[in-house]
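Student: Next one to model:
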Amino acid sequence: MWELDRVFPGIRGKRDESSQVILKFQGRDFAGWVTCTKPEIRKTRVYRLFFEEALRALLEQVFLMSYMRDLESRLRGNVGELEKEIPFWEFLDIEFNSAEKTFHLAAHSHTLRCSRNFLSA
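Tutor: Residues are numbered from 1 along each chain as shown. Predicted coordinates:
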């Protein structure tokens, strides 16, 4: 679908210049890298997408609810019923332009009705 085998043949790691990509998110460009491995236990290659710290920090801000739920689950020691207590979903849509070696990212979110009032708890 994304033609990763064709676009990134024989990539050795992030230092390989051919692994460099651009990630576009909220009107900004960020540096990124695609790496590939072929674990013995898998039939196909595994691709990983790495990106600069500035994009990680921006995603943390944009997906604040997911970040907060992750912090809450760490405080509790597990997620348990947390997803039912605070129902929402956040989604990062990723499209890849193989000709330009560019990933286009788009954020989506939805908050569901909650049966519990956390302000009065």
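Student: just the helices in the protein please.
Tutor: For the chain, the helices defined by DSSP state H occupy 4-7, 53-62, 64-76, 82-85.
Student: between those helices, which one is nearest to residue 43?
Tutor: Of all these, helix 4-7 sits nearest to residue 43, with 13.3 Å by Cβ to Cβ. Where C-beta positions appear, they are placed from N, C-alpha and C, glycine not excepted.
Student: Show me what counts as buried in the closest one.
Tutor: Of the residues in helix 4-7, residue 7 count as buried by neighbour count, 16 or more other Cβ atoms under 10 Å.
Student: How about stretch 74-87?
Tutor: Buried, per 16+ other Cβ under 10 Å, within stretch 74-87: residue 86.
Student: Dump the helices of the chain to a markdown table, plus mean pLDDT.
Tutor: Shown next, in a markdown table, are these (pLDDT from 0 to 100):
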| stretch | mean pLDDT |
| --- | --- |
| helix 4-7 | 87 |
| helix 53-62 | 93 |
| helix 64-76 | 84 |
| helix 82-85 | 78 |
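Student: right, so of the ones you listed, which gets closest to residue 46?
Tutor: Proximity to residue 46 (Cβ to Cβ) singles out helix 4-7 among those, at 10.4 Å.
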